[in-house]
Structures are given as structure tokens and as C-alpha cells.
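Novice: sequence and predicted model, in that order:
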Amino acid sequence: QVQLVESGGGLVQTGGSLKLSCTASRLTFSNYAMAWFRQAPGKEREFVAAIARWRGDTTDYTDSVKGRFTISRDNAKNTVYLQMSSLKPEDTALYYCAGRYYGGLSMLPQDYLYWGQGTQVTVSS
């Protein structure tokens, strides 16, 4: 079946950087808009960033990460990335990637069909 596998999480100090990766298998990756969500303990899952299918010409970000995070994709590697810089303690969460078949960008978790298991990002103060 379809799998999305995230990697790259870890523990970093405030102001540091991390690059998350999500590799998909058993799907035609370029047909999927891809997104990153995050969920902190006791909070709802939150949209972080999304990138359009095909060439990924369009991206979208939640306001709190604009200018600090960059989403990108490599269709040849079936992988979507999230480059995170200037990290803050409030960025601490479990980060998930998600795929939406032939859809546009969406901030709504229910619009995404496939999900990974998540990778933990912890930012220490």
C-alpha cells in the first residue's frame, strides 16, 4: 500500500535549523499536492506548509512559519522536504507529511488522503 515516511526530526536549540524529508512509495508522486502538518501535545493538528503537484510552482505557509520554513519537492526522488530555520520552542511538535491526490493546496487535514507516521521536532530554549 501507499507509504509516506518522514525523517530528519531531532533536538535542536532555539535559532537552529533542521531539514525534514518525506519519501513516498507506491503512488505517482507528481500527481499529489503535498503538505506538512504538526501536532503538539494537547493541541490539534496544525497546517504548516503545502506545495502544489507537478512542478510545485505554488506553495503556501501558515503565518507563524513564513520566512523561516521552506517546502520543496523532488519528484524524481518521490520526496518532499521542509527546511526549517530560526527554530523556536513553539515549533516543537510531531511533524507529519500528507498527500492530496490531484487537489490544490489546502490547509485542511481532511483534504489529504495519505499520511506518514510523523517525525518529532524538539526545540530547546
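Specialist: All right, it came through fine.

Novice: for the protein, what spans make up the helices?
Specialist: Counting by DSSP state H, the chain has no helices to list.

Novice: tell me the centre residue of it?
Specialist: In the chain, the residue lying closest to the centroid (C-alpha atoms, centre = their mean) is residue 36, at 2.3 Å.

Novice: how about the closest residue to it other than its chain neighbours, what does it touch?
Specialist: Residue nearest to residue 36 in three dimensions, not counting chain neighbours: residue 48, with 4.3 Å by C-beta to C-beta, 6 or more residues apart in numbering. For the C-beta atoms, the positions are set from N, CA and C on the backbone; glycine is no exception. By C-beta atoms under 8 Å, 6 or more residues apart in numbering, the contact set of residue 48 is 35-38, 61-62, 65, 69, 82, 95.

Novice: likewise residue 82?
Specialist: Applying C-beta under 8 Å, 6+ apart, we find residue 82 in contact with 19-20, 22, 36, 48-49, 69-71, 95, 97.
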